[in-house]
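In: here you go, sequence then predicted model.
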Amino acid sequence: MKRILLLLLAIGVLAACKSKKKTGRGDEPMTFEDFQALFTPGTLPYKLTPDTLQLKLADSLALDTAAMHFLPDTLGKGDFGKREQADYFPLQRIPGGVVNYMVVRGDGRSQSVGYLCFFDKKGKYLSRIRVANTGSADGTTSSLLIDNKNVIKISSEKRLDGNRSALKEDFYMVDAKGTTTLIMTNSNGPANAGQIFNPIDTLPRKHKFSGDYTAGDMSIVSIRDGEDNKTFQFFITFSKDNGACKGELSGKGNYLAGNRGEYKDKESSCGISFQFSAGRVNIREIGGCGAYRGIKCFFEGGFVKKAEKKKKK
């Protein structure tokens with residue numbers, strides 16, 4: 001009888017050891033299944049607000065070296081100071097249409113930030129975007145909503161004088177490679193005559209072709225650095241015939257030989273050809289882009305590069 005009891009006890013101990021989840025504390029090796037189990041399972045739609053980011057979390061829940069191995073070293077780059085120690089917490093994991101989502105929270109001295117990380121269906125990390133925060137230096141807060149169709153909406157609100165505020169909503173789609181494409185922007189913020197809102201304005205522009213190219217006051221082709229020297233990010237908006245026909249498109253393009261670039265939309269036949277020369281870029285449609293413009297105008301024409309404003313020392 002004692003032998004049977006000892007055997008049952010041993011089996012129970014082994015089962016408990018096998019079922020015990022790693023917590024993310026300590027430097028012991030961790031599998032992707034262990035890492036994934038740290039996140040609370042969820043479904044779409046999903047919402048993340050500044051209020052959620054302000055909820056107190058136990059220090060023991062923070063991801064450590066073993067868990068952070070599945071995320072990039074640059075996860076919080078640009079949000080926290082070089083000497084600022086930030087802690088990262090697992091929030092939610094959600095199966096998506098073409099990628100899976102994992103939401104990570106970063107806590108620093110000045111603010112808390114939410115990141116939406118994209119993983120492919122086999123568990124490989126692809127990329128991330130900053131989707132929410134409790135308040136930047138200028139008082140702007142942001143929140144996230146992913147709807148049932150996998151449309152990602154990032155809302156940014158900035159307090160103005162009195163009881164007024166400016167709200168900007170950016171809508172994105174993500175492809176199977178983790179690349180996000182801005183598909184629409186709504187804003188009720190104050191705008192000056194001739195002012196264009198450029199969603200990629202603050203991104204790096206170190207490549208020789210990166211910069212802003214304009215044609216008139218309300219038409220711009222904005223080029224920013226890509227993930228490497230063979231790719232670039234772009235934003236195009238134009239207004240023709242006194243505003244009667246408008247177009248707007250953004251995405252990721254590839255550089256080709258002969259100072260050329262090309263963009264092909266993965267969801268439609270839309271394509272844009274870029275021809276760069278000294279201080280200029282010419283664009284033209286190489287596919288039907290009617291979903292992004294009026295029916296009487298096209299993505300075409302020449303744009304002159306603006307001189308970049310020198311930063312004050």
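Out: That came in fine, so what should we check first?
In: spit out the contact partners of residue 41.
Out: If you count contacts by Cβ atoms under 8 Å, 6 or more residues apart in numbering, residue 41 has them with 92, 93, 94. Glycine gets a C-beta too; all of them are placed from N, C-alpha and C.
In: for the protein, which segments count as helices?
Out: Listed in chain order, the helices of the chain (DSSP state H) span 2-19, 32-37, 50-53, 65-68.
In: what is the mean pLDDT for the third one?
Out: Meaning helix 50-53. Taken as a whole, helix 50-53 has a mean pLDDT of 92.
In: tell me where the model's unsure across this structure.
Out: Scanning the chain with the threshold set as pLDDT under 70 gives 1-28, 161-164, 187-195, 309-313.
In: by contact count, what packs against the longest strand belonging to it?
Out: Ranked by residue count under DSSP state E, the longest strand found in the chain is strand 245-256. Using 3 or more Cβ pairs under 8 Å, 6 or more residues apart in numbering; DSSP states H and E, the elements in contact with strand 245-256 are strand 180-187, strand 231-240, strand 260-264, strand 271-277.
In: tell me the most buried of the ones you listed?
Out: With neighbours defined as mean count of other Cβ atoms under 10 Å, those peak in mean count at strand 231-240, which reaches a mean of 22.
In: off-centre distance for that one?
Out: Put simply, strand 231-240 sits 18 Å off its chain's centre (Cα atoms, centre = their mean, to the nearest Å).
In: check stretch 45-59 too.
Out: 18 Å.
In: would you indicate which residues of that stretch are buried?
Out: For stretch 45-59, a neighbour-count test (16 or more other Cβ atoms under 10 Å) marks 46, 48, 49, 50, 52, 53 as buried.
In: related to what we said a few turns ago, ok, which of the helices and strands packed on strand 245-256 comes nearest residue 217?
Out: For residue 217, the closest of the helices and strands packed on strand 245-256 is strand 231-240, at 8.5 Å, according to Cβ to Cβ.
In: what strands flank that closest one, and is each parallel or antiparallel?
Out: Strand 231-240 sits in its sheet next to strand 220-225 (antiparallel), strand 245-256 (antiparallel), going by DSSP bridges.
In: would you mind writing the CA trace of the first one as CSV?
Out: By that I understand strand 220-225. What follows is strand 220-225, C-alpha atoms only, in CSV (Å, rounded to 0.1, in the frame of the first residue of the first chain):
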residue,chain,number,x,y,z
ILE,A,220,4.1,66.1,-51.8
VAL,A,221,6.1,62.9,-52.3
SER,A,222,7.8,62.1,-49.0
ILE,A,223,10.6,59.5,-49.0
ARG,A,224,12.2,58.0,-45.8
ASP,A,225,14.7,55.4,-45.0
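In: next, the angle strand 260-264 makes with that strand.
Out: 100 degrees (axes from the mean of the first three to the mean of the last three Cα atoms, to 10 degrees).
In: cool, and the last one?
Out: Here the directions of strand 245-256 and strand 260-264 differ by 120 degrees (the same axes, to 10 degrees).
In: name the residues that touch strand 245-256?
Out: Residues contacting strand 245-256 (Cβ under 8 Å, 6+ apart): 179, 181-182, 185, 199-200, 209, 226, 229-240, 261-263, 265, 270, 272, 274, 289, 292-299.
In: between it and strand 180-187, how many degrees?
Out: Angle of strand 245-256 versus strand 180-187, following the same axes, to 10 degrees, is 150 degrees.
In: isn't residue 215 right next to residue 305, touching?
Out: No: contact between residue 215 and residue 305 fails when scored by Cβ atoms under 8 Å: they sit 11.1 Å apart.
In: between these two, which one's more packed in?
Out: Using other Cβ atoms under 10 Å, the more surrounded residue of residue 215 and residue 305 is residue 305, with 19 against 16.
In: nearest residue to residue 206 other than its sequence neighbours?
Out: Of all residues not flanking residue 206 in the chain, residue 225 sits nearest, at 5.6 Å (Cβ to Cβ, 6 or more residues apart in numbering).
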